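**Q** Build me a model from this:
(chains A and B)
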Amino acid sequence: AQSVAQPEDQVNVAEGNPLTVKCTYSVSGNPYLFWYVQYPNRGLQFLLKYITGDNLVKGSYGFEAEFNKSQTSFHLKKPSALVSDSALYFCAVRDSTGGFKTIFGAGTRLFVKA
Amino acid sequence: DAGVIQSPRHEVTEMGQEVTLRCKPISGHNSLFWYRQTMMRGLELLIYFNNNVPIDDSGMPEDRFSAKMPNASFSTLKIQPSEPRDSAVYFCASSSTGTGYSNQPQHFGDGTRLSIL
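**A** From the prediction side, this is the model:
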């Protein structure tokens, strides 16, 4: 069975500092991994994905994520946080061996302080 | 390009009434998903369609909920009769998929905020 864990309900960081939002996953086959962001009163927006290849994936708005197969992790990172990055972030996984079902984590609220 | 379009954006109705939520997916996408988001339960997948056919409806809470996709450009989620515990934000998402697999992201609408009094 597929599962995703986001161990932190909230992450607080000062503007200009690096940020990390953690995600671990479990799938039976190889994973397709995704990060989404949700702003108030909006739907989820796609940030980046890992399918195969380079373990460091770059996405929108300066975000990147590192795939670590041995640790089954896919942490979201940004070198320098902005106040406007404050939002709810979701990690998601899909099993590459088949099916369309995506499992979403519970979400991590990022708060960037000026 | 137009994204996923949901209507209405807000719906307030009384318990027992029928509620119909509507979704227009992105043109060319062949998978459609309905989700429900609440503070307590987070984001829950209710049902998803591939090529207009329901593939998995195991997330539909009970028989009061039903979903249809009569064509590639339209889907509805209906609740009859509605109850206060159905209050939530309902999202529709669409995606482009291959045969039996997909490595493409989902594109979400901005949701319908449903309040059942």
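**Q** how near is the residue of chain B found nearest chain A to residue A:102?
**A** Minimum separation of chain B from chain A (CB to the nearest CB) falls at residue B:108, amounting to 3.2 Å. Every C-beta, even on glycine, is put in place using the N, C-alpha and C of the backbone. Distance, residue B:108 to residue A:102, using CB to CB, to the nearest Å: 11 Å.
**Q** picking that back up, who's in contact with the nearest residue to the residue of chain B closest to chain A once chain neighbours are set aside?
**A** Distances taken as CB to CB, 6 or more residues apart in numbering or on different chains put residue A:43 closest to residue B:108, at 3.2 Å, once the chain neighbours are dropped. Neighbour list for residue A:43: B:4, B:91, B:93, B:108-111 [criterion: CB atoms under 8 Å, 6 or more residues apart in numbering or on different chains].
**Q** Between which two of the residues you listed is the distance greatest?
**A** Spanning the widest gap among the contacts of residue A:43 are B:93 and B:110, at 11.1 Å by CB to CB.
**Q** which one of these two has more residues nearby?
**A** Applying other CB atoms under 10 Å in any protein chain shown to residue B:93 and residue B:110 shows that residue B:93 carries more neighbours, namely 26 against 18.
**Q** Which element, helix or strand, includes the more buried one?
**A** Residue B:93 is part of strand B:88-95, with elements assigned from DSSP states H and E.
**Q** What helices and strands are in contact with the helix or strand that comes right after that strand?
**A** Per DSSP H and E, the first helix or strand lying C-terminal to strand B:88-95 is strand B:107-108. On a contact count with 3 or more CB pairs under 8 Å, 6 or more residues apart in numbering or on different chains; DSSP states H and E, strand B:107-108 meets strand A:44-50, strand B:88-95.
**Q** now what about the first one, what contacts it?
**A** The reference is to strand A:44-50. With contact meaning CB under 8 Å, 6+ apart, strand A:44-50 is reached by A:31-39, A:57-61, A:63-65, A:67, A:74, A:76, A:89-90, B:43, B:91, B:93, B:103, B:105-108.
**Q** Output the below-cut-off pLDDT ranges for chain B.
**A** Along chain B, the parts satisfying pLDDT under 70 run over B:1, B:98-101.
**Q** Contact residues of it facing chain A?
**A** Contacts of chain B with chain A, taken as CB under 8 Å from any CB of the partner chain, map to B:4, B:31, B:33, B:42-43, B:45, B:48, B:50, B:55-56, B:91, B:93, B:95, B:97, B:100-103, B:105-111, B:113.
**Q** at 6 Å what do you get?
**A** Within chain B, the residues that sit near chain A (CB under 6 Å from any CB of the partner chain) are B:31, B:42-43, B:50, B:91, B:97, B:100-103, B:105, B:108-111.
**Q** Identify the bridge partners of the nearest residue to residue B:106 once chain neighbours are set aside.
**A** Excluding its sequence neighbours, the residue lying closest to residue B:106 (CB to CB, 6+ apart) is residue B:93, at 4.1 Å. Assessed by DSSP bridges, residue B:93 has beta-bridge partners residue B:33, residue B:108.
**Q** Residue B:93 against residue B:33, yeah?
**A** Yes. With contacts counted by CB atoms under 6 Å, residue B:93 reaches residue B:33, the gap being 4.4 Å.
**Q** Report the contact partners of residue 114.
**A** Let's take chain A. A:15, A:83 (CB atoms under 6 Å, 6 or more residues apart in numbering or on different chains).
**Q** Hmm, no, I was thinking of chain B.
**A** Residue B:114 sits in contact with B:11, B:87, where contact means CB under 6 Å, 6+ apart.
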